[in-house]
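Trainee: next comes the sequence, and after it the predicted model I'd like to discuss.
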Amino acid sequence: MSGPNEQQRELITKTEGIYIADAGPGTGKTYTISLRYAHILNNKDVSPEDILLITFTNNAAENMKERIINKCDHNKAALRDAPISTFHSLCNNILREYGFEAPEILGIHDRLTSSTEVMENNVIEEQEFVRFFNSFIEKHPEHVDLYRVIGDQAELLGLIKTLGAKGIIPTSEGWFRNSDRHLDGDFDKFKEQFDKVNEPVPGANGFKQSLLRGKLTDYKNKCFTKDAPDYLEIRGEGVQVPERFASECFYEEREEFKQFIHDVYFEYIEYALSRNYINFSLMIMFAFALLCEDHELREKLSYQYVMIDEFQDTNEIQFKLALLLSSTGNICVVGDWKQSIFSFQYASVDNILLFEERLKEYSRELNEDHKRIKYSTDIEGKIPLDENFRSTQEITDFSQQGLMVEATKKEKLEKEEILSRITHLSAVKNFGETEIGAYTAEDEVELILWKIEQLVSGELDYGDIAVLTRTRRFGLRLLKAAEKYGIPVAYEGGIELFLTKPSLVLLAWLRVVKDENSKRGWAQLLDLAGYRYAEVGHILDNRRYPTDMCKFARKLKRAKTIGEFAREVFDKYGLDDPFCDGMIEVLQNVYNSTYLNTAEMINFIEVNIEAGNTYDVDSSTEENVFKIQTIHSSKGLEYPVVILADVGKGGGGFGSPLEFRDPIGLRQNKIYSEDGMPFNYDNWRSHLLKKCLSGDYDEERRLFYVAMTRAESYLFLTAEEGKESQFFVNMDIEAQSVEPVVEKVEPVVKSRNELTVEAVKIPSPAKYTSHALIEYSGSGGGMGMDYGTKVHNFAERYVKDDVEPENIDEENVKDYIDSLDGEVRAEVVCLLPLVKDGRKLFFDGVIDLLNLDGDTIRLVDFKTGRPGANLQEYFKQLSVYYHAVKGVYPDKEVEAYVLYTADGSLVSVDVLSVDEILAKL
DNA sequence: CACTAACCGATTTTT
DNA sequence: TCGGTTAGTG
């Protein structure tokens, strides 16, 4: 880049006052922000600790810091410690230093301590929440009618977090700073939406019924309480729903329900603190409360300059926090409403769309009882960045269409209005060739692979191509197919296999098979089978489980392997997807090498869940591969070629019996009543309210937009023939129907070679890595772990490609490898099963280098430490490798060496016998 | 043409 | 459980 353009320069140099920058895709946002930071530092009398820069992810914060350090002449150490971070780590730091008594602000007599942990795994948190909620039920019998209504307790936790994101916080006495006013909703805003959907629709002869009236056809199939108006009454005599129902539904009695939410919310915070953890939502909440109430601390912590990147991803409480964190009103928010796709993470797109409005509203709110916001909240300027450095003009214009495409056949969009909100982007770079295409075929997966093969047969490489999908599921299907054809591919982003539904079902059955009265197992299974909370409790107490389920458990007991077990379970539930296959693969592999019994298998899954382990479907280190990603994870990235697969709208809403929605506030969709038949009745009021809110596809369109704007020069849309979504159909492009033929590609050599010895079947296994044998003396000198890893990586790469050594260690490795005859393999995985005291043990490890030279096999381990150091310890490790290799090649002469890479000295290993290895344990 | 009953298919992920 | 689509009815 030849320096900032006019708009970028404006953003860089105008630093005093409040600015909002509209930074569309490819407009050089990160570049501009880092220059702005440098500009402030160089031209104002401030140091890095006076400038707060907030980003969305830790990764982004790191990148930003790197850039700024490179651009500024300022003290590098000070910049490393500069407040360039996410909201969460900023709040965490504040709480660690000043937050000990923050809970007291809410009336909780507990403390945040340095040992308070941040709950990162939401599955574990849900388990904690369920534990909490069960004790809550015992303590609060008065809410019994509400308990009957709750299907999934974890949804209640979700509801609490939604409230937290909006800045609605409970205290021992009531609600923090009257935040409960938001619980009631906003009638005027609701009425606006009501009127809109209740507008009669113009038809061929006069007016047709309003959308709302049409939607209410299901009203008669619902089961409402006695006070509900009947079908004819609510739909009215004309083409509209009578207007009086708007206020009649909106203003319903909610006091008891609100009290219940308050109590659950407040006591859960108490519970979390008593268990010594907080979640991410509480982290922000406590920091916010602290900065609200401790005026001295706020003055002390606030910053002269505040910048927030990706502002479209912030939520309400973060907006307010930002206002509190600024001392002077020098605030700059940068974002793009068109790229707001994280509402399910509680992001509020209105923060940026209604920036001015919210700015005024929030500062008024924060100043109600004390003047916290002392600066002017007038906006100094709006700066649109309007040059796109990423994509060609064709792609830029085409993607913009995506924001105005109808998602359904009925949907009507006010395109002029949308257009007026979009900053038109002009492409600056000429990339030469550009192409936009759309294809359909019977098999979309084959279609995509066919297109990729077509592309790489020309000028393009696999590495230029990214396939973006809306769901991980489709991505994994594509991955599987690509691997089948040998097309080089990488799925970006790991999969938390054990948090998927198949895994939870499987785990529940394992529990039940292990212990026929397992409460956790049965609770989950009964819940899945559709039993309500109260019924589940009854069944568990009386231990009278459904007979067909008991029968299935007996069948499972006879399964011979975990794979068979899992397959039975998945078949029973009609689960059949790549997650199931992945699970079976992982579990069967574990089983094959360790013969875990049921209890151990349960533990294995639990540990995986606990650790939030993700399983990378492909760990290929190859560079030239095409990438598969979900659209959400592709945000911020760019590729020469983007193939956008599986476009369409996501599943409709998920209704929960208790929920919070703007602008109707807190609502109870189900009501338990014994008036007549005891039953969970539908709430006719919230039924009508919800019909007025539905059908908002804006975020789906933005998702579509984000995906398309990742492309630099080539963009292709694909769809399954006959199942094209309205997005696909309504875009201004002619789709080509093709019959794809995919050719098999020569298989790529695997980067790791498997070398496994047939194991002996003995129960109760344990697993060790060969490094567990080694006790380092600590005096090895050496250059540390990272350096060692680098040298090892060099060896692996040198064997495969021809890379140049970069230091003396790597040169010695190269010289040694060059001196060898025969086949050389690097990074060979090996496994050695042993038996000690009737217990099976596994040692595994990675052999750095394996040299197959006629009848001789040499195995070599590289050590970057001081030559001669730790030799005895290394001998133990190498002995394990020796026996593993000898097990596979019993007829060959096996030699083991340690190569000290510092001076190239080679030491022959005195191999220990198996018994000696065992004795060392 | 307007309306309705019956059927179908249903997430994304960071802190 | 939801809403959209489709096929069928008046």
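Mentor: In hand now; what should we look at?

Trainee: contacts only, for residue A:857.
Mentor: For residue A:857, the contacting residues are A:850-851, A:885, A:889, A:892-895, by Cβ atoms under 8 Å, 6 or more residues apart in numbering. For glycine as for every other residue, the C-beta is placed from the backbone atoms N, C-alpha and C.

Trainee: between these, which has the most around it?
Mentor: Neighbour counts for the contacts of residue A:857 (other Cβ atoms under 10 Å) peak at residue A:885, which has 24 neighbours.

Trainee: helix or strand for that residue, which one?
Mentor: Taking DSSP states H and E as the criterion, the element that holds residue A:885 is helix A:871-888.

Trainee: list the buried residues in that helix.
Mentor: Along helix A:871-888, these residues count as buried under the neighbour rule (16 or more other Cβ atoms under 10 Å): A:871, A:873-887.

Trainee: stretch A:84-94 now?
Mentor: Burial within stretch A:84-94, assessed by neighbour count using 16+ other Cβ under 10 Å, is assigned to A:84-92, A:94.

Trainee: does that stretch reach DNA strand B?
Mentor: Yes: looking at stretch A:84-94 against DNA strand B by Cβ under 7 Å from any atom of the strand, the contacts come from A:86, A:88-89.

Trainee: a markdown table for those, including secondary structure?
Mentor: Shown next, in a markdown table, are the residues of stretch A:84-94 next to DNA strand B (DSSP: H, G, I helix; E, B strand; the rest coil):
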| residue | secondary structure |
| --- | --- |
| A:86 | strand |
| A:88 | helix |
| A:89 | helix |
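
Trainee: out of the residues you listed, who's nearest residue A:628?
Mentor: The shortest separation between residue A:628 and any of the residues of stretch A:84-94 next to DNA strand B is 26.9 Å, and it belongs to residue A:86 (by Cβ to Cβ).

Trainee: who's that closest one bridged to?
Mentor: With beta bridges defined as DSSP bridges, residue A:86 has these partners: residue A:55.

Trainee: please tell me how far it sits from DNA strand C.
Mentor: As defined by Cβ to the nearest atom of the strand, to the nearest Å, residue A:86 lies at a distance of 34 Å from DNA strand C.

Trainee: and for residue A:64?
Mentor: 40 Å.

Trainee: got any ranges where the stretch 801-921 of chain A has weak pLDDT?
Mentor: Judged against pLDDT under 70, the low-scoring parts of the stretch 801-921 of chain A cover residues A:836-842, A:844, A:921.

Trainee: helix, strand or coil for whichever residue of it sits closest to DNA strand C?
Mentor: At 45.4 Å from DNA strand C, residue A:829 is the closest residue in the stretch 801-921 of chain A, using Cβ to the nearest atom of the strand. Secondary structure, three-state DSSP: residue A:829 is strand.

Trainee: didn't it look like it was pressed against residue A:846?
Mentor: Yes: using Cβ atoms under 8 Å as the test, residue A:829 is close enough to residue A:846 to be in contact (5.7 Å).

Trainee: neighbour-wise, which of the two wins?
Mentor: When neighbours are counted by other Cβ under 10 Å, residue A:829 and residue A:846 differ, and residue A:846 comes out ahead with 17 against 14.

Trainee: in contact with that one, which residues?
Mentor: A:827-830.

Trainee: drop anything exposed from the residues you listed.
Mentor: The neighbour count (16+ other Cβ under 10 Å) marks A:827-828, A:830 as buried among these.

Trainee: distance between the ends of stretch A:664-683?
Mentor: Using Cα to Cα, to the nearest Å, the end-to-end distance of stretch A:664-683 comes to 14 Å.

Trainee: report the buried residues of it.
Mentor: For stretch A:664-683, burial by neighbour count (16+ other Cβ under 10 Å) applies to A:664-673, A:680-683.

Trainee: what about that stretch and DNA strand C, any contact?
Mentor: Yes: Stretch A:664-683 comes into contact with DNA strand C (Cβ under 7 Å from any atom of the strand), by way of residue A:669.

Trainee: ok, the contacts of residue A:846 vs residue A:322, which is closest?
Mentor: Of all the contacts of residue A:846, residue A:827 has the smallest distance to residue A:322: 47.7 Å, by Cβ to Cβ.

Trainee: which strand or helix spans the closest residue to that closest one other than its chain neighbours?
Mentor: Spatially, and ignoring its direct neighbours in sequence, residue A:827 is nearest to residue A:796 (4.9 Å; Cβ to Cβ, 6 or more residues apart in numbering). Using DSSP H and E, residue A:796 falls within helix A:785-800.

Trainee: now the element after that helix, going C-ward?
Mentor: Moving toward the C-terminus from helix A:785-800, the first helix or strand encountered (DSSP H and E) is helix A:808-818.

Trainee: hmm, who's touching that next one?
Mentor: Helix A:808-818 is contacted by residues A:787, A:791, A:794-795, A:798-799, A:805, A:824, A:849, A:860, A:862, A:864, A:899, A:901-904, A:906 when judged by Cβ under 8 Å, 6+ apart.

Trainee: for the residues you listed, which PyMOL command selects only the ones that are buried?
Mentor: Remark: buried members of the contacts of helix A:808-818, expressed as a PyMOL selection using 16+ other Cβ under 10 Å:
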select buried, chain A and resi 791+794+795+798+799+824+849+860+862+864+899+901+902+904
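
Trainee: restrict the contacts of helix A:808-818 to contacts with DNA strand C.
Mentor: Intersecting the contacts of helix A:808-818 with the contacts of DNA strand C gives an empty set (criterion: Cβ under 7 Å from any atom of the strand).

Trainee: re earlier: now, among the buried ones among the contacts of residue A:846, which is nearest to DNA strand B?
Mentor: Ranked by distance to DNA strand B (Cβ to the nearest atom of the strand), the buried ones among the contacts of residue A:846 are led by residue A:827 at 28.0 Å.

Trainee: remind me, longest helix of chain A?
Mentor: Counting residues, the longest helix found in chain A (DSSP state H) is helix A:255-274.

Trainee: for the following helix or strand past that helix, packing partners?
Mentor: Read in the C-terminal direction, the helix or strand following helix A:255-274 is strand A:277-278, with elements assigned using DSSP H and E. Using 3 or more Cβ pairs under 8 Å, 6 or more residues apart in numbering; DSSP states H and E as the contact criterion, the elements in contact with strand A:277-278 are strand A:117-118.
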